[in-house]
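**Student:** Give me a 3D structure for the following:
(chains A and B)
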Amino acid sequence: MRKNIAELTLEKIKDSKMKPKSKWYFLFREVMIWVLFGLSIIIGSIAFALILHLLKNDLWLMRRFLRIHEYLLYFPFFWLILLVVFIVLAYFHWQKTEKGYKFQPIVIILVSVVLSLILGTVLYSFDLGRPIDRGAMKAVPGYGKMAKMRGEHWMGQSQNRLAGEVFSEMKDKKFLLKSFSNEDWNIFAEQVPDGELIIIKIGDKIRILGEREDQNIFQAKLILPWEKPFNKSKKPLLMKENH
Amino acid sequence: MDTAKNSYSNLTDAEIVDLTIQDQNVFLYIINRYEKPLYWYIKRISSCRDEEIEDILQDVFIKVYQNLNNYKPNLKFSSWIYRIARNLAIDYYRKNKKNINSDNTDEWFLDRAMLKHITDDFNVDDNIDNKALAEKIKSILNKMDLKYREVMIYKYFEEKSYEEIADILKKPIGTVGTLINRAKKQFIKISEQEKTEF
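**Tutor:** Sure, this is the predicted structure:
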């Protein structure tokens, strides 16, 4: 070797008044990586809570009434992609932790998936799906547009669906509805199973699946809230007659 | 100075790191301890010329000094310093691949023990002349993919354990095992293609 590397290096360190980086710098960096990992898991679990919410409260309940292309409209692709993206991000953040490299990628991905699913199920069980969904419609670019498309799906003329505002109390399983296209409808709810009847009040906005019988008569088979306010009920679709 | 030198030579790497944080002159002992092994390591991995290796080495030690507070004694210091050297050497190699002459005639330092390690694993006649054998091995290694060449270097020339290789590469031990197996296969394949006789 031509030069004395030891002396040259030490000289360079002294000349440039170099100091080792503070231990707080490294600690902060490590903490930040864990924070980013945690955030990825939290966002992934919110996405999973919404997947559960949309699958269970929309797609699953309406399954008998939907055609194939309508399934595509209601399937939570957006949240599924978001869940995958944040699981991948969680994986990258974990790998950057001090000992992250010791784990096989499949182990890290499985742990991230399981954590997101558990936390997402907890969020869903606290009925946070709908408020998060509504918040996301306002806050997440693109998602609001998708939600609007689903809303518009209920606006047009259809043989088997109707949406609007209740404007009479239910009596003998019948009530009146003003559709969002401003038409008056007599809703017959005899075919809605007793266990699925919910309390409806004047002014409630609802979605109805069933069959149009006549000019202004609609035979309801399933009634869903249009935008259910947050409450702790685990049966958001139960409908009971007012007496 | 000699007394100090003797007392420092009995200290572990981690202890010298602690002392260096208080007194930068002690860093000299880390450099002296690792200068030669890292020189040969960088030479084998990158096939760079001496002056390039010296520049890389200097960068390695400066980076080591700047990051001393990031060293945790639960990791072997040698693995930590090799990790830094690896990153800088590979960065240099990738940036200057076109200008690096992998067929340069510089000899590699291969002692009998290293050669024995290889001859045992690859069914090579160990009565062959050391220098000739070293040249043949070097020629094959330089034709291997970098990811395989480097694990061969860790295993046979640096004599690192799987755990140490995993810590240097920042990969799981299982992945290191797979890489070594594939590297051995590529070594044999190239030696067959080149009709290298050992």
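**Student:** Tell me the pLDDT of residue B:141.
**Tutor:** pLDDT recorded at residue B:141 is 87.
**Student:** What are the buried residues along stretch B:75-91?
**Tutor:** Residues B:75-82, B:84-86, B:88-90 are the ones in stretch B:75-91 that count as buried (16 or more other CB atoms under 10 Å in any protein chain shown). Backbone N, C-alpha and C define where each C-beta goes, glycine included.
**Student:** In contact with residue B:81, which residues?
**Tutor:** Contact partners of residue B:81, counting by CB atoms under 8 Å, 6 or more residues apart in numbering or on different chains, are B:30, B:34, B:38, B:60, B:64.
**Student:** hmm, 7 Å instead?
**Tutor:** For residue B:81, the contact set (CB atoms under 7 Å, 6 or more residues apart in numbering or on different chains) comprises B:34, B:64.
**Student:** and it, how far is that from chain A?
**Tutor:** 13 Å (CB to the nearest CB, to the nearest Å).
**Student:** thinking again about what came up before, go through the buried residues of stretch B:75-91 and say which is closest to chain A.
**Tutor:** residue B:75 (8.7 Å; CB to the nearest CB).
**Student:** Just the element for the closest residue to that closest one other than its chain neighbours, please.
**Tutor:** Closest residue in space to residue B:75, ignoring its immediate chain neighbours: residue B:167 at 5.9 Å, by CB to CB, 6 or more residues apart in numbering or on different chains. Element membership for residue B:167, per DSSP states H and E: helix B:162-169.
**Student:** Run the contact check for the next helix-or-strand element following that helix versus chain A.
**Tutor:** Once helix B:162-169 ends, the next helix or strand along the chain (criterion: DSSP H and E) is helix B:173-193. Yes - judged by CB under 7 Å from any CB of the partner chain, helix B:173-193 comes into contact with chain A at residue B:174.
**Student:** just to revisit the earlier point, any idea how many residues pack against the residue nearest to residue B:75?
**Tutor:** 23 (other CB atoms under 10 Å in any protein chain shown).
**Student:** again, but for residue B:44
**Tutor:** Each residue near residue B:44 was counted by other CB under 10 Å, and the total is 23.
**Student:** hang on, it packs against residue B:153?
**Tutor:** Yes - under the criterion of CB atoms under 7 Å, residue B:44 makes contact with residue B:153 at 5.0 Å.
**Student:** Might you enumerate the residues of chain A proximal to chain B?
**Tutor:** Taking CB under 7 Å from any CB as the criterion, chain A approaches chain B at residues A:1-3, A:5-6, A:8-10, A:12-13, A:18, A:20-23, A:26, A:101-104.
**Student:** Who's the closest spatial neighbour of the residue positioned nearest the centre of chain A, skipping the chain neighbours?
**Tutor:** Of all residues in chain A, the one closest to the mean position by CA atoms, centre = their mean is residue A:50, 2.1 Å from it. Computed as CB to CB, 6+ apart, the closest residue to residue A:50 that is not its neighbour in sequence is residue A:79, at 4.6 Å.
**Student:** surely the one you found meets residue A:51?
**Tutor:** Yes - with contact defined as CB under 7 Å, residue A:79 and residue A:51 form a contacting pair (4.8 Å).
**Student:** out of those two, which sits in the busier spot?
**Tutor:** Neighbours were tallied for residue A:79 and for residue A:51 using other CB under 10 Å; the higher tally belongs to residue A:79 (26 against 23).
**Student:** ok, now which ones touch that one?
**Tutor:** Counting by CB under 7 Å, 6+ apart, residue A:79 touches A:47, A:50, A:51.
**Student:** Walking through chain B, point out its helices one by one.
**Tutor:** With DSSP state H as the criterion, chain B has helices at B:2-9, B:13-22, B:27-46, B:50-66, B:77-95, B:112-122, B:130-143, B:146-152, B:162-169, B:173-193.
**Student:** In JSON lines, list these along with distance to residue A:145.
**Tutor:** JSON lines is the format used below for the helices of chain B (distance: least, CB to CB, whole Å):
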{"stretch": "helix B:2-9", "distance to residue A:145": "68"}
{"stretch": "helix B:13-22", "distance to residue A:145": "56"}
{"stretch": "helix B:27-46", "distance to residue A:145": "52"}
{"stretch": "helix B:50-66", "distance to residue A:145": "48"}
{"stretch": "helix B:77-95", "distance to residue A:145": "43"}
{"stretch": "helix B:112-122", "distance to residue A:145": "62"}
{"stretch": "helix B:130-143", "distance to residue A:145": "55"}
{"stretch": "helix B:146-152", "distance to residue A:145": "45"}
{"stretch": "helix B:162-169", "distance to residue A:145": "45"}
{"stretch": "helix B:173-193", "distance to residue A:145": "43"}
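**Student:** And those helices: which comes nearest residue A:172?
**Tutor:** Smallest distance to residue A:172 across the helices of chain B (CB to CB): 69.5 Å, for helix B:173-193.
**Student:** per the record, what domains does chain B have?
**Tutor:** Following automatic domain parsing, one finds the domains of chain B at B:1-106, B:107-198.
**Student:** count of neighbours near residue A:62?
**Tutor:** By other CB under 10 Å, the residues close to residue A:62 number 17.
**Student:** From residue A:213, how far off is it?
**Tutor:** As defined by CB to CB, to the nearest Å, residue A:62 lies at a distance of 20 Å from residue A:213.
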